[in-house]
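# task: produce atomic coordinates for the following.
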Amino acid sequence: MVRLTPADEYFYHQIPEPLPQVATFSDHWRESLFFVMHPEGEEGDVLILTLAHFPAREEMDSLQMCRLGGQLTFERHARHYDGDPHTMTVGPVRIDITEPYKTVKLWVDPAESPIGLDITFTARTRECGLRRGTMKRGSETIWDQSHMIQSGRYNGTYSFGGKTYEVRDWWGQRDHSWGIRNHQRCPMWMWLAIQLPDGMLGIWNWEYANGHRIYLDGYWAPADMSDPVQVVAFEHDLHWTDASGARTSYERDGATVAGLEGVITARLEDGQELRLEGSGRWHARYGQLGGQVNMQLRDAHGRKGNAAYEITGSHHHHYFPIARAENLPPGD
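Purely as a prediction, here's the structure:
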């Protein structure tokens, strides 16, 4: 007998199969929500909350990756589908999409997690749907995913170490992505979630180990809720730094790396060019696979902002000079 879920009652289906069946079966198929938030105009705590489900193993999980009081913290919560692959609740974590593309409520029960959250995301830009991206090694699919990004303001409280802290008009980005993602087999991808007073610059860039670009998409999304403008060209000149701020090599596992510095340039479809220079330090680490840095930024016109820069992957001539995986794309 075919197993159905409560969501099968609704008009959600995209293929002639019950939910949560997917068009292309893969152990690496996932659908995930991602929220990152940090204070405007200063370096401080950084909070990340994720929620994802994995059809192949019938599991949902949530990650809390945070920098709190200068220290990196990590928590993972998980549950088996148990007939419900759709309710956005995992242990102490609950995510409520109150109004699509406008308001989302994030909750982590402090009685059940060392990091408690009671925070509301309110959109400050339009949502941006990135084009589908695919990466293969020969005929093998390594990555095949769609992606939505949006900037917002965060308000509420978080708790850690027996204390409660206020979040007042922090800014940041949220993502919603779905598809195949074999993290260990990706040579390098760079994800930039840049917050400026008048808008968000979101960029996603993948490269082979030799630096050849596989995929680029992104948008400048104005804070007045007007239509986003597409990124048509992108350059990056970024370098890992050690605890003293000096440039260093990632080598195999980034043992000496404490942060990142450098310049990125994006040209938009309307002819505008954004050149941002800055530096920052880790707010989330992925072991050998890189991680995320909270960047403090400025441009030639005096605008200041900050961002989450994620650089991750298994081999890249500049960012990851020593390969950490075999059989990487492009293959034969």
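
# the closest residue to R285 other than its chain neighbours bridge partners, please.
Closest residue to R285 apart from its sequence neighbours, by Cβ to Cβ, 6 or more residues apart in numbering: G291 at 3.9 Å. For every residue, glycine as well, the C-beta is placed using N, CA and C. G291 has these beta-bridge partners by DSSP bridges: R285, I311.

# contacts only, for G291.
G254, W282, A284, R285, E310, I311, T312 (Cβ atoms under 8 Å, 6 or more residues apart in numbering).

# how about a cut-off of 6 Å?
W282, A284, R285 (Cβ atoms under 6 Å, 6 or more residues apart in numbering).

# identify, from these, the entry nearest to D270.
A284 (33.0 Å; Cβ to Cβ).

# pretty sure the closest one is touching M65, no?
Yes. Because the distance of 4.0 Å satisfies Cβ atoms under 6 Å, A284 is recorded as touching M65.

# still on that earlier bit, what about the contacts of G291, which one has the most neighbours?
A284 (23 neighbours; other Cβ atoms under 10 Å).

# need the contact list for it.
M65, G291, Q292 are the contacts of A284 under Cβ under 6 Å, 6+ apart.

# and the closest residue to K304 other than its chain neighbours, how far is that from V229?
Counting by Cβ to Cβ, 6+ apart, K304 lies nearest to R298, which is 5.1 Å off, once chain neighbours are set aside. Distance, R298 to V229, by Cβ to Cβ, to the nearest Å: 21 Å.

# who has more neighbours out of the two?
V229 (19 against 15).

# and the more buried one, what is it in contact with?
Taking Cβ under 6 Å, 6+ apart as the criterion, V229 is in contact with W220, L268, E269, D270.

# still on that earlier bit, name the SS class of the residue nearest to K304, please.
Taking DSSP: H, G, I helix; E, B strand; the rest coil as the rule, one finds R298 in the strand state.

# partner strands of the helix or strand that contains S32 and their direction?
Using DSSP states H and E, S32 falls within strand 29-38. If you go by DSSP bridges, strand 29-38 pairs up with strand 47-54 (antiparallel), strand 163-181 (antiparallel).
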